[in-house]
Every structure is written in structure tokens, then in C-alpha cells.
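# Generate a structure from the sequence data that follows.
(chains A, B and C)
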Amino acid sequence: MTSSNGKIRLATVWLGGCSGCHMSFLDLNEKLIDLAGRAELVYSPIADAKVFPEGVDVTLVEGAVANDDHVELAHQLRARSRIVVSFGDCAVTGNVTALRNRLGLDDVLTAVYHEGPGQAPRGDDEHVMPTLLPKVLPLHQVVPVDAYIPGCPPEPERIWAAVAALLDGKPVELPVAMRTFGA
Amino acid sequence: METVVTLTLNGEMVSARADQTLLDVIREQKIDLPTLCHMQGLSERGGCRLCVVEVQGAPRPMAACVTPVTEGMVVRTHTPELEHQRRLVVELLLAERNHVCAVCVVNGHCDLQWAAAKLGVASVRYEYLHPDLTMDASHARFVLDHNRCILCTRCVRVCDEVEGAHTWDIAGRGIKTRVITDLSRPWGDSPSCTSCGKCVQVCPTGALFEKGATVAEMTKERDFVGWIIRGRTKREWTW
Amino acid sequence: MNRIELQAIADKEIERQQELKCRVLCCASTACLSSGGQEVRKALQDELKAAGLTKDVQVVATGCKGLCSRGPVVEVTGPAQERVLYANVTAEAAQQIVRQHLVGGQPVNDYRLDADSPFFTKQVRVVLSNSGIVDPERIEDYIARQGYAALGHALREMTPEEVCLAIRRSGLRGRGGAGYATGLKWDLVRKADGRDKYVIANGDEGDPGAYMDRTLMESDPHRVLEGMALAGYAVGAEQGFLYVRGEYPLAVKRLERAIKAAERQGVLGSRIFDSNFNFRVDIRIGAGAFVCGEETALMSSIMGRRGEPRPRPPYPAQSGLWNSPTLINNVETFGNIAPIILNGPEWYAAMGTEKSKGTKIFALTGNVNNTGLIEVPMGITLREIVFEIGGGIPDGRTFKAAQTGGPSGGCIPAEYLDTPVDYESLTALGSMMGSGGLIVMDDQTSMVDVAKFYMEFCMDESCGKCVPCRVGTAQMHRLLSRLIAGEASAADLATLEELCRMVKALSLCGLGQSAPNPILSTLKYFRAEYEARLKSGAAHGAPSQEAA
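The predicted structure is shown next:
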């Protein structure tokens, strides 16, 4: 299932994360030119598509699942992608995004929005903001995931090792030094 | 005279002294077997279960660190089943507390992190338990972060067996088990702690660290326990 | 003390009992005391006083008679008396029993219990032969029923080797659960090198619903002490420890009195029966950790350390308490010793099946009419236990499963009701003999809930030393909770099964290795109940979103 121009249809998604993984992706530098020759970016925070398209070959998902919008998008991208990749530690483990899990959700909201600067409304009051899940989840605990790229953020070398394998239709098998969480 | 026994290790005949553990012999043969609670120079605990090996005739895998070698033993160290079970153990540890590698002082120098990478733990299949744990920063030089403790008790053993202070111990049981200083008073108030820092150096994770270190800055000096033991027993004081 | 003096004590006590018109035996074990046994005994005494019968009739506080669900249980017995059993006795009923029965000679039929019912007739009481008959606080009562005669005999007529041989030939196996051959264990300790050796009685009974050891210690403490002393003689130990869980204060009190009385009579302590054999018994009280029932953890606790198991080998027989050879047996195992020595190993081996000899005590509880403590010959079927001794399932419900072996055991479904109860058969069914808990469940019981109950128990009681048990039990519990909440997928069920296998294989001690058993055995026989709880149509599950 590739584009009419023979390129892999690639998507990247940004859930509950800091966008550091996407920054690291951009640090692929000249590799991005190779990538552009072989893949078409059909959906991404750095591309101008509003709806996650059908028929995607590979989707890299940055960030953990933290609110109901994330859950909805996760299910949608899973249904529309052949291969889903947890991209970076937040998607793989929950990581920094999940640091709030040891605290109660109400305590977190109070501390951030009522005691902190500003008076932002709570999501479930006015449907202005998506409702936060009681616990932040790694992506694979919401939808099945096919491959994992750990790291916070993953170094460009890791990303390329994984993406190059995916472009060649091979399974992602990173060497030990590229498998560590965190680093 | 030392008794020598012969055993079969992954299909190879190997000689060993009868007073050696299976782990000693496996390491001598340069076979990479993961361990977390084992530490050269300290008593064995047999708690992390990562060094389990298959011993022919035994009803279940045996922890190599606490299994003495015996004549004619047939041992396999890396069957697919053992590798799979080791992965599950590491996943249980990663899900037990808040091991957020990205913001850890020993990121890149952590035994748990590397054990996971070597075993090919790509993700954790269990629910993260996210317990609400505290830190103890009352000590002038060191910090205890329960979030990263895997209860290997290396700190307890090195403090008792090498330093002789026995500041560290364990309280509670099961999933509520915690390491404690003295009778669970703040580390900084401990009259028994000599501030020698041995516990910090042997800690496999970022549960014990030096103040002033930030993310990924702290490395640990693990060889020194063996060095002290060699010095004490053989009067060899060279690194 | 010598054997002639022992016989004199026995004769005097028997004579004293014969002179009474009758004796009223009141159960004073924990179960009957909690249903008002104390008040009943007082009412009997007051009423007898009022009737002027205190010289002719003696009220005896005995141990357990077994039918705990019908307590308080009272027995009237005497040389020229028909044996009459009363159940559910109240203080008023006690007064009536004195007036109508003891004074008037007419048994009170309203409270009368059929002593010929299968509950009593199907039982064979060997370990509990004195239970409910002797006053556990009077050593004379025990001696009158051949108490300490086995010890006196062995010290005079048998070598330690011969005692071990007798136990081996009897076929007795450990009653704590694992079923290791007792005589073999004794021989190992006897042959082990060591200046000091120790004998430990494991009374840290902790399985939910089990109270065999408590009852034996409360009802016949001297039986346990005599068994320990015989073991001490057989293996060459001079010090015994009785490790009793802290939740058993009555057992501790009676054991303490029994030890003092036995020392005073010279059947424990120094130069027992004027021989060169010395044997002291000290009580150690557990602090409420289930894992201390595991032998290496128990020894750690006796030595004043944290109650954590350690890997075996070395086994206690080689290196136990303070690195000395140590014999450790369950309290019930020790309860079997004196009868074997007195009646001979052949007598004992004639009871039971080929590989499981003698009798076993069970705490029969759950959805069954007669709950209580029973002693049955090995090889009896589960059906006989549940439907004859137990009197069937109450409220017209049907039998669904029996749980044996506590948190280490498993569930046995109805199709195996005719299985003989012995070590091998129960293990083959994926359960185990265990220490003797037997919980009957009717058709309203959810087996997934049962599994979760046991997993919660194991999670709470894990010592935390090894990762598979410490974290594995917590994760198995989470997975079961999600399954029960209808949030688990088929993948979660697979994760649960995979985790069960790992925890079973990799845990350090028996507690962890057997912790998955309640899940595995209910999955084996009641898999459909698990599958019915799966989230409908979900191939992949998310963890619970309920507030944690």
C-alpha cells in the first residue's frame, strides 16, 4: 500500500509529549533528503493536514496517551496505518508525561490551573479542552503497536536506524546501544 | 587440596573449584549473564532472579549466584525460555516504581537500564504501578530516591558486611517493602551512618546518588568493594 | 520420673475419673469459646453447685470435638453412662442439661447431637484421639491416656536409629503440605555432623480457613511436645523450638503450661525418664507473617532476623538454625509420632493408600452443612468428605469445587469428587494436599473472584525478597481486578497466564512458586468464567481508567 508515486506513505503524530522527538527527527539533517525521496509525509505536526488520512504505511507516534483526544486519535491512526511505531520514551513508557500518575488528577489540575498562574477552565466543564485521563498511558496500552524507538529523545541515529529498516520493509531491530530507555 | 569438579556449560566441558558458585564459573567463561542483586565481594541474596539458569534434573530454573557447582552438572544459560522469563522480570521491575530514565542522575550508567536494553525489553507489557513514593534528601551528601529502588539490598549488605555500620535495612513486605536507614528515621539524622558512600557506589540504579549530580552525570565506582576485600584478605592494595 | 511412676500417675487419674458419676466435657477451643463456650461452662458449674452435684460430676474444659459450626459442643460421659453429645448449647440449655439429664437421668433431646452420624463415624481420630476428651491444661489427663508412654518406651527400648526406622516404616509424610517422607528427614538430621542440633515444630499455620494446628496445640499440647521430644531423641537434638503464630494466644498459653508441667514431671528438660537424654522446648511467637511458615524464613525469624526465605540448598537438615543441622516438621506431623511408636509402624501403615499413609486433619469450611475439624484416613474420597462427613451443600445448592492447599493449592471441580484424597492425586489435579484447609464452594461462587481473593492474600504476604513474587503477585492481582471489572482483553488474559508460568518457575521460595496455583487451577477447570469476563469485542485492552 504505497502512494501512486511509489513512495511510502509516512505520518508522524504528536500526542502527550514535548515535541523533542520531532525535533530530533528534524536533526536527521541530510538524511531528510534521502527520506523525502522514498517517503511522502501525509500527516504530521510539521505538515498541513488536518485529518489523519486513510492508507498510511508507517506512523511514528510521539508522546503518551494523556487525554480523550489522544485516545480518539490513537484509535484512528491505528485503524488507518499498516505499521504503528511508538516513537520516543513518552509513547513507549509514559515517561515524563506520566510523572503526574503518582499524584491524583484533581491535585494536579488544582496545582496547575487554580493555584498556578492564570485561570484556565477545566476541560470537562466547557469542552474547551480535552478531558485528561486519570492515568497517562503508554501507546501500546491503548492500541497495538508494531515497533518501538526508545530514547528521550531518540538520537537521530536511532531514528534513522529504525526508519531505514521500515522503508526497506524490514522489522525494527536496534542494536543494544540504541535500545536504552532515557538515553 | 582444592577439589575440582567438571560440569557442562552450554555444551562445553568446564572445570571449576568445588567451592565456586555457578555464577562464578559462568562469569569466568565470559558468558554474559545479567544480575542486579549480585555484587562481587558481598554475600549473595538470590533475589533478582535474573541469573537463573537451566540445570538438568532440577524441577525449575536455579539462580546461578546461590547454586554451588556440583560434579557432572549440565547447565544451559541462554535458552529462549530463560531469556523470555528474564525479560518479564525486568519488565516487572520497570513497572514497579517510577523509573523515568530521562530524568535520572545515572541515565546511561544504570544496571537496570542496561539489563533491559541487553535483554531486548522494547516495552513493558504490565501496567505501570506508579506508587506515590518519597525521597530522603536529609543527608548532607547523598539522596535516597525510593522511586528508583529495586530492593536489591546491595546497600544493606555493603553497609553491614564491608563498612560494618548496618545503617541500612528493609522494612515492610511485598510490594510495600522499602529500604530504611536506622529504625526508619531520616538518613541525615542517622547516628550509625559514617557517610562513607559505599551504599551510593554499589546501588545499581539512581536510588542512591550524590547531591550535586544532575541528569546522566553520575557514574558509580562498582569495583571498589572487590578492591577492599582483596586488600583485607590478600593485602593487595592496587587497583 | 521413670516408667513405673508414669504408670502410677495414669492409674491414679483413671481411678479418680472412675469414681465420678459422670464428666461433662465442654469444648474450650477457640471456635466454641467464640460462640459462648465460657458462659456455658460457668452455667453448668453454677447449676451443678445449686444441685449439690459438684463432687459427683466434674466439668472439664477440653479441646475441640470437631463440629465447630454447631458449637458450643458439650459431651456427657461416665463409667455407667451412655455417651451423650449436645450441640449449640446455651447457658439456659446448660441449666436444663443439669436438671433434666444429670439430675433426672433424661437426656435433653432438643440439643442432642447424633453421635452415630457420619460426621463422627466416618472419621478416624489418631492425631486428635485425645482432642475433646482430655483437659489440655492437666498433664495427668494426658498421661492417663498413655501420654508420654511412647517417649518412656523409646528412651529405654529403642536406639535413635530404631526410632527413625519406625517412622520411616510407618510411611508418615510431612503434614505441612509438601509431603516429604518424615522418617527420611529424621535420618538425614540424625546422620548430619554437628555438635548442636535442633528440632522445630512449625505452628505458623496461615492458610485462610485452616486451623488444624491451632486446634491440636489448644486441644492436646502434650501430644506435640511428646512428638518433639521423640524427634529430639531420634536425631540427637537437645533443644526444640515451637514456632507458633502470634494470632494463637490460647495455643501459646496452653503450650506454655504444658511445657512447665512436663518439665515438672521430668518428661521434658534434663535427664528425661532418668536417662541421659535432655530436651528443652522453647516457644517462639511469630509476628503475623505468612511467609514465616516457609521453613527457611521461619528459622530466620527464630534467630531474630527478618522473616525472609533463603535459597535451598543447603537444606535445614544440613544447615539450619545457627548453621546447625535442624529438623523442622509441622505440628500435625509431630502429633502422629507417639501413636506410631506406641502401636507400631505396621499399625499406622495399614491406614491410608499405598503412598500416603495414616490420617489427615482437614479444616472443612465454606458452603457445606457441617463445618469443622475432621480427621480422615488418607484415600477417602472428596465425595465422602463433602457429602457424608460434611452433610452436603446447604440451601439446596449444588457442589461446584473444593479448594485445598490454601493460597498454594487449587480448586477441584465436581467431576473429580471421587478422587481419593492423597498427596499424589491432589497434585495431579493441579491442587495439593497442603496443610489441610478444605473450602467447599457452591454453584454461586465465582471462580475468578476466588482466584483474586487468593492472589490478594499472596500479594499481601509476599516478603518482597524476590522480584517475581513481590511484583508478579501485584501484577497478577491487577490483571484479575481488570478482568473482574470487564476491562481486560484476550491479550491481557494471555499476559496473565504467561506471568503465572514465570512466577511459578522463577520465584525463590515455595510461597511464590505456588502463588499462581489458584489462578492456574481455576483456569484449567473454569476457563469459560474467565472468558466471560473479557471486554466484549476487544482485541486489545487498556488498563483500568478507574481512579487508582
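
# check contacts around residue 18.
You didn't say which chain, so I picked chain A. A:90, A:96 (Cβ atoms under 8 Å, 6 or more residues apart in numbering or on different chains). Backbone N, C-alpha and C define where each C-beta goes, glycine included.

# I was thinking of chain C, sorry if that wasn't clear
residue C:79.

# Tell me how far it lies from residue C:81.
12 Å (Cβ to Cβ, to the nearest Å).

# Residue B:8 too?
Taking Cβ to Cβ, one finds residue B:8 at 73 Å from residue C:81.

# residues in chain A within reach of chain B, list them.
Contacts of chain A with chain B, taken as Cβ under 8 Å from any Cβ of the partner chain, map to A:86, A:89, A:92-96, A:98-99, A:101-103, A:135, A:138, A:140-141, A:145, A:147-148, A:150, A:152, A:176-177, A:179-183.

# which of those residues count as buried?
Applying 16 or more other Cβ atoms under 10 Å in any protein chain shown to these, the neighbour count classes A:86, A:89, A:92-96, A:98-99, A:101-102, A:135, A:138, A:140-141, A:145, A:147-148, A:150, A:152, A:179-183 as buried.

# Among those, name the ones in helices.
Within these, residues falling in helices by DSSP state H are A:89, A:92-93.

# Adding distance to residue B:34, write those out as CSV.
CSV is the format used below for these (distance: Cβ to Cβ, whole Å):
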residue, distance to residue B:34
A:89, 21
A:92, 20
A:93, 20
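
# Okay, helices next: where are they in chain B?
B:22-28, B:80-96, B:111-119, B:154-157, B:198-202, B:224-234.

# For residue A:44, which of those helices is the nearest?
With Cβ to Cβ, the closest approach to residue A:44 among the helices of chain B belongs to helix B:111-119: 28.5 Å.

# For that closest one, the averaged confidence score.
Averaged over helix B:111-119, pLDDT sits at 97.

# which residues of the stretch 201-350 of chain C fall in helices?
Taking DSSP state H, counting those that start in this stretch, the helices of the stretch 201-350 of chain C run over residues C:212-219, C:221-235, C:249-265, C:295-302, C:331-343, C:345-349.

# what is the mean pLDDT for the third one?
Think helix C:249-265. 97.

# before we move on, what about the shortest one?
pLDDT averaged over helix C:345-349 equals 97, rounded to a whole number.

# wait, is residue C:360 part of a strand?
Yes - per DSSP: H, G, I helix; E, B strand; the rest coil, residue C:360 lies within a strand segment.

# Run through the bridge partners of it.
residue C:376 (DSSP bridges).

# Same question for residue C:239.
So, taking DSSP bridges as the rule, residue C:239 has residue C:198, residue C:280 as bridge partners.

# Contacts only, for the most centrally placed residue in chain B.
Nearest to the mean C-alpha position of chain B, by Cα atoms, centre = their mean, lies residue B:37 at 2.3 Å. Neighbour list for residue B:37: B:44-48, B:65, B:152-154 [criterion: Cβ under 8 Å, 6+ apart].

# Could you check what's spatially nearest to residue C:35, not counting adjacent residues?
Excluding its sequence neighbours, the residue lying closest to residue C:35 (Cβ to Cβ, 6 or more residues apart in numbering or on different chains) is residue C:71, at 4.5 Å.

# which residues touch the nearest residue to residue A:146 once chain neighbours are set aside?
Once flanking residues are discounted, residue A:146 sits nearest to residue A:83: 4.8 Å by Cβ to Cβ, 6+ apart. Each residue near residue A:83 by Cβ under 8 Å, 6+ apart is listed here: A:57-59, A:146-147, A:166.

# all strands for the chain, in order.
Picking chain A for this. Remark: strands assigned in chain A by DSSP state E are A:8-14, A:39-43, A:56-62, A:65-67, A:81-87, A:132-137, A:147-149.

# try chain C instead
Under DSSP E, chain C gives strands at C:22-27, C:57-62, C:74-77, C:84-86, C:112-113, C:198-203, C:239-244, C:280-285, C:326-330, C:359-366, C:372-377, C:399-404, C:410-413, C:437-442.

# ok, back up a step: please convert the strands of chain A to CSV, extending it with distance to residue C:75.
Rendered in CSV, the data for the strands of chain A read as follows (distance: least, Cβ to Cβ, whole Å):
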stretch, distance to residue C:75
strand A:8-14, 78
strand A:39-43, 84
strand A:56-62, 75
strand A:65-67, 68
strand A:81-87, 71
strand A:132-137, 60
strand A:147-149, 71
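
# Cool, thanks, signing off.
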